[in-house]
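In: got a predicted model here, sequence first, then my questions.
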Amino acid sequence: MSVLVSHDIDAEVYSFRIKFCTVLTLVNIGKYFYIIYVDNKFNLVNFVNTKYNIPMENNFANRLIAARKMAGLSLQSLADKLGNVVSKQSLNKYEQGKMKPDSDLVIALSNILNVPVNYFYTEPAVAIHFSNVGFRKYSTKLSGAEEESVTEKAKEVFERYFELENILNLGDECQYFEYDKIITCPEDAEKAAIELRKKWDLGYDPIPDVIEMLEDKGYKVIEIDTPNAFDGFKADIGDQKVIVLRKTLPDDDIVRKRFTALHELAHHALKFSENISEKEEEKLCHAFASALLYPAEMARKEMHKDRFHFYQNELQLIKERWGISFSATFSRALQLGIINEHVYKKFNIGYRTRRYHEPNHEPGRYLGKERPVRMERLVYVGLAKEVLTINEAAYFAGISSWKLRSQMNQLV
């Protein structure tokens, strides 16, 4: 295959064979480059002018670093996965922009790092910088490489999310909850939860879908594939408040995801005394999340006071109605004085003996979806307004254009 480029232009051509026998050609002309998709009969499929006035080498270097971090690999680990056809030192030179890989190596990097080839040759239109980052960790801590991977994956999604919003020029207003009083004890967290339910007009009813509620109020919520050691983190991007959650599988128990989303909301919304420890702050965020999920008035009405037993069927009924786990229900009962410390400890011993603390081992399921949908919905808005092509929409959705076409079902 060949690409005709004017002889008086200093051009460099890169050709790659990718899925479905499609040929991707990158034409680098000065500081600009162009992406051309051609099918196996050499018919033009798509032509993209990236419009980024930057040196190609530096952009490739930055994208390679990001892709490697998303994959959670060190330079040596990446070299090993490449079968040591290229050394750690050469990879380091690619990341510094001192060398450029050939087409075969770019394809190999694309496959190993699980990004499309053109990922390396496009610069995001929106630069994402996280501030005020706070991770919530599971029973084990994330390693440094895992934390970098989570951060880079989240950054890549938000690059697409914010660019999509800019294209659509929505101007949606945010209704963030902010509680001005300083939180020093569980009773303060309880009052903050009551105030939120009042401001957001939630009444005393169960929250059907926590993530949908947060998206409706302007919080940008995404979910990504991560290790089990990660539950979620909150951060600011400029004046926008964002929450990142671990993606769950269809059969997963989602009550922990609901709790984590509200826990991160607490970190966004509440102010804590400077004298309390990080561990104590986490406990107060737990208290806030539990109080939001299971309002005090309803908890006292359903569980009553001075009890010495809980039965599994009873806990399942509470879980399936309120979307709160057994362990969070125990904590809620202790916080409200329904049980004492001794009974609480006995409940926790029985809970762990039955291995209910392990993922998806706790009986009962809450039937809500708890999945971010706003970004996906905006993709279809862009298509409906005809401001996005199919290929652009697929890019923002993070899927192939073939998959997006298969999901579309235009009614009008």
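Out: Noted; the coordinates are in hand.

In: I'd say residue 105 and residue 83 touch.
Out: No: applying C-beta atoms under 8 Å as the test, residue 105 and residue 83 come out as separate, 11.2 Å apart. In short, each C-beta sits where N, CA and C put it, glycine included.

In: ok, residue 243 to residue 224 distance?
Out: Plainly put, residue 243 is 12 Å away from residue 224 if you go by C-beta to C-beta, to the nearest Å.

In: more neighbours: those two, which one.
Out: Set residue 243 next to residue 224 and count neighbours by other C-beta atoms under 10 Å: residue 243 wins out with 26 against 18.

In: what strand or helix carries residue 243?
Out: In this assignment (DSSP states H and E), residue 243 forms part of strand 240-246.

In: that strand: partners in the sheet, and parallel or antiparallel?
Out: Strands that pair with strand 240-246, judged by DSSP bridges, come out as strand 220-224 (parallel), strand 230-237 (antiparallel).

In: C-alpha coordinates for that strand, PDB please?
Out: Provided in PDB are the C-alpha atoms of strand 240-246 (Å, rounded to 0.1, in the frame of the first residue of the first chain):
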ATOM      1  CA  GLN A 240     -15.400  20.100  39.100                       C
ATOM      2  CA  LYS A 241     -15.800  17.300  41.700                       C
ATOM      3  CA  VAL A 242     -15.200  13.800  40.500                       C
ATOM      4  CA  ILE A 243     -15.600  10.300  41.900                       C
ATOM      5  CA  VAL A 244     -13.800   7.200  40.500                       C
ATOM      6  CA  LEU A 245     -15.200   3.700  41.400                       C
ATOM      7  CA  ARG A 246     -14.100   0.200  40.600                       C
END
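
In: quick one: buried residues of that strand?
Out: Using 16 or more other C-beta atoms under 10 Å as the test for burial, strand 240-246 gives 240-246.

In: stretch 185-195 now?
Out: The neighbour-count check on stretch 185-195 (16+ other C-beta under 10 Å) flags 186, 188-193 as buried.

In: quick check: mean pLDDT across that stretch?
Out: Taken as a whole, stretch 185-195 has a mean pLDDT of 96.

In: do the same with stretch 247-260
Out: Averaged across stretch 247-260, the pLDDT comes to 92.

In: again, but for stretch 161-169
Out: 94.

In: circling back to that earlier point, how about the buried residues of stretch 185-195 in JSON lines, adding secondary structure and distance to residue 305?
Out: Output for these, formatted as JSON lines (DSSP: H, G, I helix; E, B strand; the rest coil; distance: C-beta to C-beta, whole Å):
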{"residue": "186", "secondary structure": "helix", "distance to residue 305": "17"}
{"residue": "188", "secondary structure": "helix", "distance to residue 305": "22"}
{"residue": "189", "secondary structure": "helix", "distance to residue 305": "21"}
{"residue": "190", "secondary structure": "helix", "distance to residue 305": "16"}
{"residue": "191", "secondary structure": "helix", "distance to residue 305": "21"}
{"residue": "192", "secondary structure": "helix", "distance to residue 305": "24"}
{"residue": "193", "secondary structure": "helix", "distance to residue 305": "20"}
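
In: can you add distance to residue 347 and give the residues you listed back as CSV?
Out: Shown next, in CSV, are those (distance: C-beta to C-beta, whole Å):
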residue, distance to residue 347
186, 18
188, 25
189, 21
190, 21
191, 26
192, 26
193, 23
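
In: from these, which is closest to residue 335?
Out: Distance to residue 335 across the buried residues of stretch 185-195 (C-beta to C-beta) is lowest for residue 186, with 5.6 Å.

In: the closest one and residue 289 touch, don't they?
Out: No: using C-beta under 8 Å, residue 186 is not in contact with residue 289; the gap is 11.7 Å.

In: wait, is residue 132 part of a strand?
Out: Yes: read with DSSP: H, G, I helix; E, B strand; the rest coil, residue 132 is one of the residues of a strand.

In: what's it in contact with, if anything?
Out: By C-beta atoms under 8 Å, 6 or more residues apart in numbering, residue 132 lies in contact with 234-236.

In: now do 10 Å
Out: Contact analysis of residue 132 by C-beta atoms under 10 Å, 6 or more residues apart in numbering lists 234-237, 241, 267-268.

In: give me the distance between it and residue 147.
Out: 16 Å.

In: got the angle for the longest helix anywhere in the chain vs strand 220-224?
Out: The longest helix of the chain (DSSP state H) is helix 144-168. Computed by axes from the mean of the first three to the mean of the last three C-alpha atoms, to 10 degrees, the angle separating helix 144-168 from strand 220-224 equals 130 degrees.

In: distance from the chain centre to whichever helix or strand comes after helix 144-168, please.
Out: Once the chain leaves helix 144-168, the next helix or strand it forms, by DSSP H and E, is strand 182-183. Distance of strand 182-183 from its chain centroid, counting by C-alpha atoms, centre = their mean, to the nearest Å, is 28 Å.
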